[in-house]
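Participant: Sequence first, then the predicted structure, then my questions.
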Amino acid sequence: MKFSKRIAATVIALPLMMGSMSAMAFGGGHHEGKGMMGGKHLLRGVELTDVQKDELRTLREENREEMRAGKDNFRTQMMAERQQMQDLMLADNFDEAAVRGLAEKMSQQQVERRIEMAKKRHEMMSILTPEQKAQVKENMAKMAERHQKRMSHHG
């Protein structure tokens, strides 16, 4: 019985955690202007032309508007799905098919959001020259290295 309770807790908690992570990754919250590219850190040391700066600014503004437009709808939908999952957990009998269907639906939505985010990042990166992309790649490697060190100190 303990095992199934653990699974139920995971089924409820996982979409909640994934939802908040995707919101942060998608540029929501206090760092809205730079969230799309993982922060300004990626562009550190990259010399952008004025044209590139304008293009990136335009894309960021468009993305911000899309985010604002879809945020309320996304939040409403997520809250409804959480409620459905809670109702399933509190039901007299465990309905595996219903839980599986809802979990798959929530997972698929997460996949779609990640694809959309990757598409927008790709669009922004396509503005850069090969040399600038190499600098971004180097910055990404440095960030990953710092993250790895941080994780090993906490572990």
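Facilitator: Received, thanks.

Participant: Helix or strand next in line after the host helix or strand of Gly70, which one?
Facilitator: Here Gly70 is covered by helix 50-90, with elements defined by DSSP states H and E. Moving toward the C-terminus from helix 50-90, the next helix or strand (DSSP H and E) is helix 96-125.

Participant: so how far is Val111 from the residue nearest to Leu59 when sequence neighbours are not counted?
Facilitator: Leaving aside its sequence neighbours, Leu59 sits nearest to Met124 (CB to CB, 6 or more residues apart in numbering; 5.4 Å). Using the backbone N, CA and C atoms, a C-beta is placed for each residue, glycine as well. Using CB to CB, to the nearest Å, Met124 is found at 21 Å from Val111.

Participant: Between those two, tell me which one has more neighbours.
Facilitator: A side-by-side neighbour count of Met124 and Val111, using other CB atoms under 10 Å, places Met124 first with 18 against 9.

Participant: what about Arg100, distance to Met85?
Facilitator: Arg100 sits at a distance of 11 Å from Met85 (criterion: CB to CB).

Participant: quick one: which of those two has more around it?
Facilitator: More crowded of Arg100 and Met85, by other CB under 10 Å: Met85, with 20 against 11.

Participant: thought the more buried one was touching Leu102?
Facilitator: Yes. Under the criterion of CB atoms under 8 Å, Met85 makes contact with Leu102 at 5.9 Å.

Participant: Could you list the low-pLDDT ranges of this protein?
Facilitator: 1-40, 155 (pLDDT under 70).

Participant: one more time with 50
Facilitator: Residues of the chain that meet the criterion pLDDT under 50 lie in 17-37.

Participant: which residues does Gly101 contact?
Facilitator: With contacts taken as CB atoms under 8 Å, 6 or more residues apart in numbering, Gly101 has no neighbouring residues.
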